[in-house]
Each structure stands twice: as structure tokens, then as C-alpha cells.
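Undergrad: Structure for this input, please:
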Amino acid sequence: MGGGWDQAGWAERVAQEWASRVEARQTRVAVLGLGYVGLPLVELFARAGFPVLGFDVDAHKVALLNQGRSYIGHVGSDRIRALRQTGRFEATTEPARLAEADALLICVPTPLGEHREPDLTAVVATGRTIAAALRPGMLVVLESTTYPGTTREVLRPVLETSGLRAGVEFFLAYSPEREDPGNPKHSAGLIPKVVGGFDDHSARAAQALYAAVVPQVVPVSSCEVAEACKLLENTYRAVNIALVNELKVLLTAMGLDVWEVIDAAKTKPFGFQAFYPGPGLGGHCIPIDPFYLSWISRRYERTTRFIELAGEINTAMPDYVLERLGSALNDRGKPFKGSRVLVLGAAYKKDVDDPRESPSFVLMEKLRARGALVSYNDPHIPTLPPMRKHSIQLESVELTAERLSQADAVLICTDHSAYDWAFIAQHAPLLIDTRGATRHLPAELRARVVSA
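TA: This next block holds a predicted model:
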């Protein structure tokens, strides 16, 4: 794809050169950011026969991958070894090597700042890294979740410091990641891919690339539509989770089981989709993405009341859990201070090792602030990793009958499949269930269970 790149011949080269090179698996793909989104994308392209270069600033991650070892639970080391053995994948920390690629896919974090403003530091830094290696004919795709306008207004100017122009000398597109960690039914290669281009030719190039590895490409008219699509998906979930969280508080006060109500409602074959309550929102998407819309709405002098209200409800859930726990301890003549609380689950959802934005961290820190003696168990997270907003340092304890019986309260934050709920309920003197994990246990085992 090297050489001169004239605008007059662009359309033909898009249709012929890109499509033919993709079909022949001659397009080299670079994935920038080798986390929960980037690493499955590496596997997707490498398995489809593309030569893939993984780039990350974390030298430890790169070293592990080149040794055929994984650091993500649902992407096993056997799969990384298989990729390495094909000779189609290697990882690097060297920015200059990005010049070897034809397509560069950006999968870096896009968190919120202290005041819930978009933090695009990683996107901008990655854009600068790419600009230094950019050459005519390259395709750059942003996959990181962000607000409408980011690709065109933020990333494009950074890339164009290379002296090359988007839509004239290189392709530029946005295609939101739709990774669902730990869910084999919705792995990257099974999910339709929304693609929006900076211009028509960029869109065609990106569509040709993704069409080689996913079952369906969904073309949209612009980068902005693709960016907004991702935010709508996760805002929809955040608002509906807030609704069931609010209903959980109400129905619990009424003496009703919210999970039984949801199970009954979801038997309706139309007009209802089940969402489930919990101790708060976790993961990199749902607690964060809706606030990108809230932030950008202010530029247009609009308000996003549903989003803000949903955020308030979901953010308040850890405090509701603590209220329920404190009341249950009080009924047993125990204050928070000095009580031994064993937290089950540090991951943000079941059966993954992903702790990002997990409400477990909020709960553990709030419990400690109230003087509780906190320990935790998670079969997927042996040690609490350092987090942007949390500094709690603990190691997972063994889940034994003695450990359970010595706790004043056992708090279920994540309902991992590995947990034996009957065993836990049998030995815990007080069990606070935020996930409905114990609702199918026999009545005698639920005697010490408090729904929260």
C-alpha cells in the first residue's frame, strides 16, 4: 500500500487494491492496546489468516504474549500459544514498527475524568504515536468508546500532524467495540460490526477489512453515527438497570422478591427485556459511556435528565447495600466497627477476571471507612490490582467452612458460577445477597439470607 496516493485514483484503489489484499490476507493489521478489547481482536484477525502486530506500552504484557502467555482469564494461554505458533502474531512496544502495518485499530481506554468529562488522553497519545509512523494508504480505525465527533474533531487533527490528509492520503473510520468478556455466545467473531467512515472511501476500506472476520458489517453514514450507536447501546442498558435497581429498593420494602417479579415478567414474549439489579454498575462501558452523552449535550445546550437520573440511582446502590447490611448487623447487636465482613467477588460481573469499575471496590472501601474488618474471595482475581480510583490492597482468602462461620457477615457482590451457594449459606451466619444468587436454595438455607 506504499507509494503515492492521489485523490483522483482513490475510489478505484479502494475497490480493487484494498479488497484484493484483504481477500488474499496480505493486509497487515496492528492492534494498539492489548486489553480486554484489543487482545480478542488480535485473535480474531490472526485466526482469519491476517498477519497481526500487537502494540502496547506495557512491556510486561508484551513479554507475556510473546512467550505465549495470557493475562486475561477468558483468553487462555493455550489460545495465545496457538496464535504464536502460526507465525502470524507478535507483540511489540516499539512505535516505529507500526509503519509495517496497513490497518491500525485503536483499542485504548477512554475513562471519565474527575468531573465526569471524557478523558481522551490515551486516544490522543496513540494518535501521536501513529502519526509518527503514518504513510499513504494506511487505514486507521478508532474502536474505543467515545462521544460523537471524536474521530473527526480530535483524532483526525492529531493524525494529520504527519502531513498526510484523512480521506486523501489515508483512510480513517470508527467502529465501536462490542466485546462481552467471558461470554462465548457473543465473542468478537460472532457480533455484527458497525462501521462509519470519515468519508466514503474510508468507509469502504474499513468495511472490506471487517467483512473478512465478522458475520455482518453494518455500514452507517459517518463516524459520528457509529460513535453515537455505541453510546445508545450502553445508555439503554444503564437506564434499564437503574429502573430495576430502583424497583429492587421499592419491592424489597414491600416484602417482594424483585428477581421473582422479573422472572415472571420475562415470560411475556413481546415488549419486555429482562434486566437485573445489583450492588452497582461495573465494567468499562455501562458506568461510563452514558456520561459521554451528558457531557457532549452541554455543548448543544441540552440536558440529558434520564441519563443523569440513571447515574444517580446506580451510583447510590452501594450505599443501599451498606444500609441493608448495617441494619442486619444491628439486628444481631453488632456495629459496623469491628465486624468481620467477607466479600464474595471483586470482578464487575460473574465468571470474568475484569475488576474495572467494580462496585465491590466501592463497598470494600466504604466498609473499611466504617471500621469493618474486610476480607474478600474471588476465584478469578487472586490479588486486588491497583485501580485508578481505588487503593485497597488485599489478597483473596480461601473460602472454607471455618472462614465463612467466623465472618459476622458474608456479602455477595459477584455471583460467580464457581461458588457453591448451598455450602456458603450453610456456614455463613449472615448472608447479604445483592445478586439473587441464593433465591433458589431451600427455605431452611435461606433463613440467614438478607436481600440487598
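Undergrad: Please name the residues that touch the residue lying closest to residue 211 once chain neighbours are set aside.
TA: Once flanking residues are discounted, residue 211 sits nearest to residue 217: 4.8 Å by CB to CB, 6 or more residues apart in numbering. Quick note: C-beta positions are derived from backbone N, CA and C, even for glycine. Neighbouring residues of residue 217 by CB atoms under 8 Å, 6 or more residues apart in numbering: 192-193, 195, 207, 210-211.
Undergrad: so what's residue 217 bridging to?
TA: When bridges are called by DSSP bridges, residue 217 pairs up with residue 193.
Undergrad: how far away is it from residue 197?
TA: 12 Å (CB to CB, to the nearest Å).
Undergrad: residues shared between the contacts of those two?
TA: Counting by CB under 8 Å, 6+ apart, the residues touching both residue 217 and residue 197 are residue 207.
Undergrad: So for this structure, the centremost residue is which one?
TA: residue 284 (4.0 Å; CA atoms, centre = their mean).
Undergrad: so it makes contact with residue 109?
TA: Yes - counting by CB atoms under 8 Å, residue 284 touches residue 109, with 7.0 Å between them.
Undergrad: how near is the residue nearest to residue 211 to residue 46?
TA: 19 Å.
Undergrad: same thing with residue 109?
TA: For residue 109 relative to residue 46 (CB to CB), the value is 23 Å.
Undergrad: Then residue 329?
TA: Residue 329 is 52 Å from residue 46, by CB to CB.
Undergrad: before we move on, what about residue 419?
TA: Between residue 419 and residue 46 the computed distance is 34 Å (CB to CB).
Undergrad: Quick check: which element contains residue 219?
TA: Per DSSP states H and E, residue 219 falls inside strand 217-220.
Undergrad: In that strand, which residues are buried?
TA: 217, 219-220 (16 or more other CB atoms under 10 Å).
Undergrad: Would you mind giving those residues as CSV with pLDDT added?
TA: Shown next, in CSV, are those (pLDDT from 0 to 100):
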residue, pLDDT
217, 97
219, 98
220, 98
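Undergrad: could those residues be laid out in TSV, adding distance to residue 321?
TA: What follows is the buried residues of strand 217-220, written out as TSV (distance: CB to CB, whole Å):
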residue	distance to residue 321
217	42
219	44
220	40
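Undergrad: Tell me where the longest helix sits in the chain.
TA: Using DSSP state H, we find that the single longest helix of the chain is helix 223-253.
Undergrad: Quick one: neighbours of residue 133, just the number.
TA: Neighbour count for residue 133, taken as other CB atoms under 10 Å: 18.
Undergrad: Mind telling me what element it is part of?
TA: Here residue 133, judged by DSSP H and E, is contained in no helix and no strand.
Undergrad: Can you check the distance spanned by stretch 161-179, start to finish?
TA: Between the opening and closing residues of stretch 161-179 lies a distance of 31 Å (CA to CA, to the nearest Å).
Undergrad: Would you mind listing the buried residues in it?
TA: By neighbour count on 16+ other CB under 10 Å, the buried set for stretch 161-179 is 162, 164, 166-167, 169-179.
Undergrad: so of the residues you listed, which ones are in strands?
TA: Residues of the buried residues of stretch 161-179 located in strands (DSSP state E): 171-174.
Undergrad: Okay, and residue 343 sits in which element?
TA: Taking DSSP H and E as the criterion, residue 343 maps to strand 340-344.
Undergrad: Give me the distance between that strand and the centre of its chain.
TA: Using CA atoms, centre = their mean, to the nearest Å, the distance from the centre of strand 340-344 to the centre of the chain it belongs to is 26 Å.
Undergrad: Show me which of residue 419 and residue 46 is the more surrounded one.
TA: Under the criterion of other CB under 10 Å, the comparison of residue 419 against residue 46 puts residue 46 first, with 24 against 20.
Undergrad: Might one say that that one is in contact with residue 89?
TA: Yes - contact status for residue 46 versus residue 89: in contact at 4.6 Å, counting by CB under 8 Å.
Undergrad: dump the residue contacts of the closest residue to residue 86 other than its chain neighbours.
TA: If the residues on either side of it in the chain are set aside, residue 86 comes closest to residue 46, at 6.5 Å by CB to CB, 6+ apart. When contacts are counted by CB under 8 Å, 6+ apart, residue 46 touches 52, 83, 86, 88-89.
Undergrad: at 10 Å what do you get?
TA: 29, 31, 52, 54, 79, 82-84, 86-90, 213 (CB atoms under 10 Å, 6 or more residues apart in numbering).
Undergrad: The closest residue to residue 429 other than its chain neighbours: neighbouring residues, count only.
TA: Excluding the flanking residues, the one nearest residue 429 by CB to CB, 6+ apart is residue 448, at 6.3 Å. If you count neighbours by other CB under 10 Å, residue 448 ends up with 18.
Undergrad: ok, so what distance separates residue 448 from residue 430?
TA: Counting by CB to CB, the gap from residue 448 to residue 430 is 6 Å.
Undergrad: just the helices in the stretch 351-452 of the chain please.
TA: Secondary structure of the stretch 351-452 of the chain (DSSP state H, counting those that start in this stretch): helices at 359-369, 401-406, 421-427.
Undergrad: So for residue 144, which of those helices sits nearest?
TA: Closest to residue 144 of the helices of the stretch 351-452 of the chain, according to CB to CB: helix 359-369, at 22.6 Å.
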